[in-house]
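[1] Structure for this input, please:
(4 chains)
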Number of protein chains: 2
Amino acid sequence: MADLMTNISIMRKSRSAAVPVETVLPADELHFDLIELLFFAYRDFVSDPDEVLAKLGFGRAHHRVLHFVNRNPGMKVAELLDVLKITKQSLGRVLKQLIDEGYILQKEGANDRRQRLLYVTAAGAALAVKLAGLQTARIARVLAELGPDAREAARRFLAGMIDAEDREHVLRLISRSDSLANGSRARNGAP
Amino acid sequence: MADLMTNISIMRKSRSAAVPVETVLPADELHFDLIELLFFAYRDFVSDPDEVLAKLGFGRAHHRVLHFVNRNPGMKVAELLDVLKITKQSLGRVLKQLIDEGYILQKEGANDRRQRLLYVTAAGAALAVKLAGLQTARIARVLAELGPDAREAARRFLAGMIDAEDREHVLRLISRSDSLANGSRARNGAP
DNA sequence: GTCATTAGGTCAGCCATGTTGACATATTTT
DNA sequence: AAAATATGTCAACATGGCTGACCTAATGAC
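    A predicted model of the protein is given here:
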C-alpha cells in the first residue's frame, strides 16, 4: 500500500514545480467530472426502463436480452452470449422466462439444426420498442438542447470508450442491426 | 399487451406513407446506436477498476463509496446515501468492510455529534486515485483522439442525460468536489 | 460409420448487492 | 420530558452474476 502513496507524493510535488514532472498520472488531470457524469448519466438512463420492467416482473437482464434479440432477429444463442459477456447459465435463466412468457421464441437453424435462432414475438417487439422509446426520449431531449453536432460527438466519445479489441466488432453489430432491424422485423415479427 | 402493438402498427404505416404521420415514437428515429453505445461504453468503463477491486476482495459497490468519500472528504452518511441512491443497509455492508480494512474512517461531527463524517485514509486515497487513474486513462485516450472540443461535448451530453430534478444537485456536487478534493486531500488524508 | 466436437440446455450451489421491515442508540430539537 | 434526527444493525428475500458438472442432439472429421 505504501508504494501506491508514492504516486500521490509525486503528484503533489508536480503541482508546485514550475515545469511539469514526468508523473505517472497527475491528480490534477484526473477526469473526475466525466467519471462521475458517466455514473449519474448511466444510472438515470436505465431507470426509465427499470420501472416498466418491474411491473412485468422483469429486470435489466431481461431488457438486455430482449433488446439485442429485437435488434438482431435470428441471432444465435452463442452470439448473444458474446455480446452480453455473461455465462450461458445466467442467460438461460432470463431467456427461459422471456420465452415462457411469450416475448421471445426460438427457431431451429435451417442449415445447422443444433442452433436455436432467437426472434422476438409481436409482444416482444412491442416491449422492446417501448423501452427503447423511453431511452430515446431522454437522448432526443438532450440532443435537441445541444444542437446538430451533439449526436455525432456523443457517438464518437462513447465508441471510443469501448475496449479497442471489441470496438470494431461492436460497431459492426450496431450498424448491421441498423440495416437488419427494420426490414426483418416486419418479416420475422411472428415467424 | 395488444395495446402495445398499436404503436408498432402505427409506426410501420408511417414508413410507407409519403408524409410523416403523428406517431408516438417513430421506430426509424429510435436512437438504437446511442442506446447500445452507452451500454458497451459503460460496461468497459467499469471493467478496469473491477479487476483491481477483485484482487482486494471488493466490488463495484465499494468503488462507488470510496470514490465519493475521496472526492468529498467529511461528507455525511446521509449525503452519501443520497448520492448513491441505495438504502442504508446496502451501504452499511460495504462501508463496514471499507472501514474494517482501513480504507475509510469516520469522525464524529464537530457540531452534531450524531453525525459520522467520512474520510478516506491514506490507503483509501491511494486506491481511489489508482482506480480513477484507470478510468481517466481510458477517457484521456478518447479525448486525445477526438480533439479539443470533445471534452466539453461529452460533458454536456452526459450532464443532459441526468434526471432534470437531480441535475443541478449533481452538477453542484461535482464542481464542489473539484474545489474541495485537492485542498482537503492534503490536509485530511489521514485525519 | 464411428467418434470427437459443437450448440445448447440444465441442475446445484455460491457470491455480491440490491430490497423491506423492525428495532436500537445516541444526540439534538422542540 | 418528548419528539425528531443520524446512524447502525438484524433478519429475510430477490436479482443476476459466477463455477462446475453433466446431458442431448446434431455436425464434421477420419
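[2] Spell out whether stretch A:159-169 and chain B are in contact.
    Yes - Stretch A:159-169 is in contact with chain B by C-beta under 8 Å from any C-beta of the partner chain, via A:159, A:160, A:161, A:162, A:163, A:166. Every C-beta, even on glycine, is put in place using the N, C-alpha and C of the backbone.
[3] give the contact list for the residue lying closest to the third one once chain neighbours are set aside.
    Computed as C-beta to C-beta, 6 or more residues apart in numbering or on different chains, the closest residue to residue A:161 that is not its neighbour in sequence is residue B:41, at 3.8 Å. Residues in contact with residue B:41 (C-beta atoms under 8 Å, 6 or more residues apart in numbering or on different chains) are A:38, A:158, A:159, A:161, A:162.
[4] Next step: these restricted to helices.
    Taking DSSP state H, the ones among the contacts of residue B:41 that sit in helices are A:38, A:158, A:159, A:161.
[5] And these, which is closest to DNA strand D?
    Nearest to DNA strand D among those: residue A:38, at 18.6 Å, using C-beta to the nearest atom of the strand.
[6] which outside residues touch whatever helix or strand residue A:66 lives in?
    Residue A:66 is part of helix A:60-71 when elements are defined by DSSP states H and E. For helix A:60-71, the surrounding residues in contact (C-beta under 8 Å, 6+ apart) are A:46, A:49-50, A:53, A:75, A:80, A:83-84, A:90-91, A:93-95, A:97-98, A:103-104, A:118-120, A:124-125, A:127-129, A:131-132, A:177, A:180-181, A:185, B:32, B:35-36, B:39.
[7] Quick one: distance of that helix to the chain centre.
    10 Å (C-alpha atoms, centre = their mean, to the nearest Å).
[8] now the ones in helices among the contacts of residue B:41 in a markdown table, with distance to residue B:144 and neighbour count?
    A markdown table is the format used below for the ones in helices among the contacts of residue B:41 (distance: C-beta to C-beta, whole Å; neighbours: other C-beta atoms under 10 Å in any protein chain shown):
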| residue | distance to residue B:144 | neighbour count |
| --- | --- | --- |
| A:38 | 18 | 24 |
| A:158 | 16 | 24 |
| A:159 | 15 | 18 |
| A:161 | 13 | 24 |
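[9] and those, which two are the farthest apart?
    A:38 and A:159 (14.2 Å; C-beta to C-beta).
[10] Let me know the pLDDT of the nearest residue to residue A:77 once chain neighbours are set aside.
    Spatial nearest neighbour of residue A:77, chain neighbours left out: residue A:116 (5.7 Å); criterion: C-beta to C-beta, 6+ apart. Residue A:116 carries a pLDDT value of 97.
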